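Undergrad: quick check, what structure comes out for this input:
(chains A and B)
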Amino acid sequence: MLLQGNEAVVEGALRAGCRFFAGYPITPATEISEILSVKLPQVEGTFIQMEDEIASLGAVVGASLAGVKSMTATSGPGFSLMQENLGFAIIAEVPCVIVNVMRGGPSTGLPTFPSQSDVMQARWGTHGDHPAIVLSASTVRECYDMTIKAFNLSERFRTPVVLLIDEVVGHMREKMILSEGEEVEIFNRVKPTVPPEWYIPYEDTPSGIPAMANFGEGYRYHVTGLTHDVRGFPTSRPDEIGPFIARLHRKISQHFSEIQMTEFFQNEDAEITIVAYGCVARSAKRAVFELREKGFKVGLLKLVTIWPFVRSAVEKVLQTSKILLVPEMNMGQISREVKRVNRGMAKVFTLNKVDGTIITPEEIVNRIMEVS
Amino acid sequence: MSEVTKLIHKYLRHDKKFPHVWCPGCGIGIMLGALIRAIDRIGFEKDEVVLVSGIGCSGRLPVYVDFNTLHTTHGRALTFATGVKLANPRLKVIVIMGDGDAVAIGGNHFIHAARRNIDVTSIILNNSIYGMTGGQSSPTTPYGMKSSTTVYSNIEQDFKISELAVTAGAVFVGRGTVYHARLLDSLIEKAILKPGFSMVEVIAHCHTQYGKQNRLGSAVEMMEWQRDHSVMVEKTDTLKPEELKDKIVIGVLVDKQLPVYQDEYKKIRERAMGMAGR
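TA: Purely as a prediction, here's the structure:
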């Protein structure tokens, strides 16, 4: 199949079991809405175009509480509006997926030009202390795989998962092979097995992830955006607030190995490592080939999971390389993280581009030759 | 056991620590009672009812009741309700909002939910003020009245919530007051039974904030004002416009038929499946 990144997101969502989509038109994510408006009713799913992005994520969270895997897709300006209900999904622990096809900002910015400038917004955009799971994709195939992964992680950890792609990956067409019998791991939320009167909806389990009852299944409980006790009722008791916020973080932090995905390329003997993600990882891969031909020992660490930050993988290349280059289509959002974990192990250089054009392999090659 | 005790035992949550958050004399309790009586008369199973709310005094209502309850973000209750209803149309979705919730921060969601004719029932407690945050003016604070943010005088015109719902296309619009409790019971019952977007506006007093700042007296006095200023919609034909000027028109204001969203969407699914060759 020759598919666009946005089309692959749709295929991945349907494969993962997504049966509800609420969205608002925005470039460059609109294809996801348009295609799902055709395909969801064909599989007894529901598509609805809402009045804005706040409403879109509200409807998605509502649908998920009623037991249906749900998703929305947007770009920067819409993602800004979604921050309010994103926080609600985090505190109420409602699985859902938000695809942000990044474009240049701030504000209306560059509707049809690529960017990677929402990396920090995806981490810290909604207020309050909270964990975040954010994935990225650099190929059409990865758009498919990571959409499925996003659904699986959201169902597994009862939290919203953001998939950050950029205008280049979203609109790029690539060959993608999807065989009919291909096995895909699909994870569905764990439901309570106890009788309703025993059910504690926000129980502090060893995994940190309580079982989730859907509305209408006999487990009547309270869902709120207020800080709540294990029964879901609002609380102002310090001995309940602290453990609750701690559990929200712990349910993610004690499962890093299930969440954090990276790809190493030509790293065995690399003295220079490029750390890249999204469409920049494509240029970086090409640059590795070209630099190897010139005799530079260069490797690539591609970040697939953006948050939680893949500290251990980055530390590994910081220890084995003399130089790290972090090319990004923003002013340095991930390079800041790389520098944070560096602590003098290697020299970390940046290559930032914010003019609405992609970072080319040549620019990466030139930058490496300049700093090495 | 009295009827009221039976209803309390059946519908209030035993594991929720009372007392509730509302001030003594507040009208929300009367609205809650009317809602419970309506649901009990209709005979819904508790498992099939989803009670959704926004933020504010009214937003705290669902926590006390033994249904599937969802306390959402400020003004967004109808968006969550839309998702719940479309994902599982068997659920009976009732949304509780305040005036700030429904026509200030959530005004856009309110008119669009009405326009779409999503099958949910909205019950809007209109007490003309932001009570929980300390008595600031709301979109329904009348011109010339005082609040914590209009200490000199409110210079804005107020929204008429029911009239807004009518214009936005709601298929059922009713208005009552917390004084007219029996009327409220029947309005809420009719609204819940109505397929499509139904809305009941409940005129209530906030003696703690609005009443105090405007010297309108106690809760009882404010409820007497509701009694003296309400006119049943059926009687409005016989009254002159100047007689209606400071009156609250109560009763069923609109009851009409329009295609309901999820029924229409079912047809879309059938067409889509037909085209996909299934």
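
Undergrad: stretch A:330-343: which residues count as buried?
TA: Judged by neighbour count (16 or more other C-beta atoms under 10 Å in any protein chain shown), stretch A:330-343 contains these buried residues: A:330, A:332-335, A:337-338, A:342. To be clear about C-beta, it is placed using only N, CA and C from the backbone, and glycine gets the same treatment.

Undergrad: among those residues, which two are most distant?
TA: Farthest apart among the buried residues of stretch A:330-343 by C-beta to C-beta are A:330 and A:342. That separation is 18.8 Å.

Undergrad: which ones are touching residue B:95?
TA: Listed by C-beta atoms under 8 Å, 6 or more residues apart in numbering or on different chains, the contact partners of residue B:95 are B:51-53, B:77-78, B:81, B:120-123.

Undergrad: chain A next: which of the residues you listed are close?
TA: With respect to chain A, and counting by C-beta under 8 Å from any C-beta of the partner chain, the subset of those in contact is B:52, B:81.

Undergrad: can you pull the residues of the stretch 101-250 of chain A lying near chain B?
TA: Residues of the stretch 101-250 of chain A lying near chain B (C-beta under 8 Å from any C-beta): A:214-218, A:220-226, A:231, A:233-234.

Undergrad: can stretch B:26-46 be said to contact chain A?
TA: Yes: Stretch B:26-46 lies within reach of chain A by C-beta under 8 Å from any C-beta, at residue B:46.

Undergrad: now that stretch - C-alpha only, PDB.
TA: Extracted C-alpha coordinates of stretch B:26-46, given in PDB (Å, rounded to 0.1, in the frame of the first residue of the first chain):
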ATOM      1  CA  CYS B  26     -29.800  26.600  49.200                       C
ATOM      2  CA  GLY B  27     -32.200  25.600  46.400                       C
ATOM      3  CA  ILE B  28     -29.900  22.900  44.900                       C
ATOM      4  CA  GLY B  29     -31.300  20.300  47.300                       C
ATOM      5  CA  ILE B  30     -34.800  21.000  46.000                       C
ATOM      6  CA  MET B  31     -33.600  20.500  42.500                       C
ATOM      7  CA  LEU B  32     -31.800  17.300  43.500                       C
ATOM      8  CA  GLY B  33     -35.000  16.000  45.100                       C
ATOM      9  CA  ALA B  34     -37.000  16.800  42.000                       C
ATOM     10  CA  LEU B  35     -34.500  15.000  39.900                       C
ATOM     11  CA  ILE B  36     -34.500  11.900  42.100                       C
ATOM     12  CA  ARG B  37     -38.300  11.800  42.200                       C
ATOM     13  CA  ALA B  38     -38.500  12.100  38.400                       C
ATOM     14  CA  ILE B  39     -36.000   9.300  37.900                       C
ATOM     15  CA  ASP B  40     -37.800   7.100  40.400                       C
ATOM     16  CA  ARG B  41     -41.100   7.700  38.800                       C
ATOM     17  CA  ILE B  42     -39.700   6.900  35.300                       C
ATOM     18  CA  GLY B  43     -38.200   3.700  36.800                       C
ATOM     19  CA  PHE B  44     -34.700   3.800  35.400                       C
ATOM     20  CA  GLU B  45     -32.200   1.400  36.800                       C
ATOM     21  CA  LYS B  46     -29.400   3.200  38.600                       C
END
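
Undergrad: and it, what's buried?
TA: In stretch B:26-46, the ones that count as buried by 16+ other C-beta under 10 Å are B:26-28, B:30-39, B:44.

Undergrad: repeat for stretch A:264-273
TA: Within stretch A:264-273, the residues scored as buried using 16+ other C-beta under 10 Å are A:265-267, A:270, A:272-273.

Undergrad: circling back to that earlier point, for chain A, state which of the buried residues of stretch B:26-46 is nearest.
TA: residue B:44 (11.6 Å; C-beta to the nearest C-beta).

Undergrad: which element follows the helix or strand residue A:326 falls within toward the C-terminus?
TA: Counting by DSSP states H and E, the element that carries residue A:326 is strand A:323-328. Sequence order places helix A:333-342 as the next helix or strand after strand A:323-328, per DSSP H and E.

Undergrad: look up the closest residue to the residue of the stretch 101-250 of chain B found nearest chain A, ignoring the ones flanking it.
TA: The nearest approach of the stretch 101-250 of chain B to chain A comes at residue B:112, 4.2 Å away (C-beta to the nearest C-beta). Of all residues not flanking residue B:112 in the chain, residue A:51 sits nearest, at 4.2 Å (C-beta to C-beta, 6 or more residues apart in numbering or on different chains).

Undergrad: same deal with residue B:218?
TA: Closest residue in space to residue B:218, ignoring its immediate chain neighbours: residue B:207 at 5.9 Å, by C-beta to C-beta, 6+ apart.

Undergrad: residues in contact with that neighbour?
TA: Counting by C-beta under 8 Å, 6+ apart, residue B:207 touches B:23, B:25, B:216-219, B:221-222.

Undergrad: now residue A:349
TA: By C-beta under 8 Å, 6+ apart, the contact list for residue A:349 reads A:323-326, A:367, A:371.
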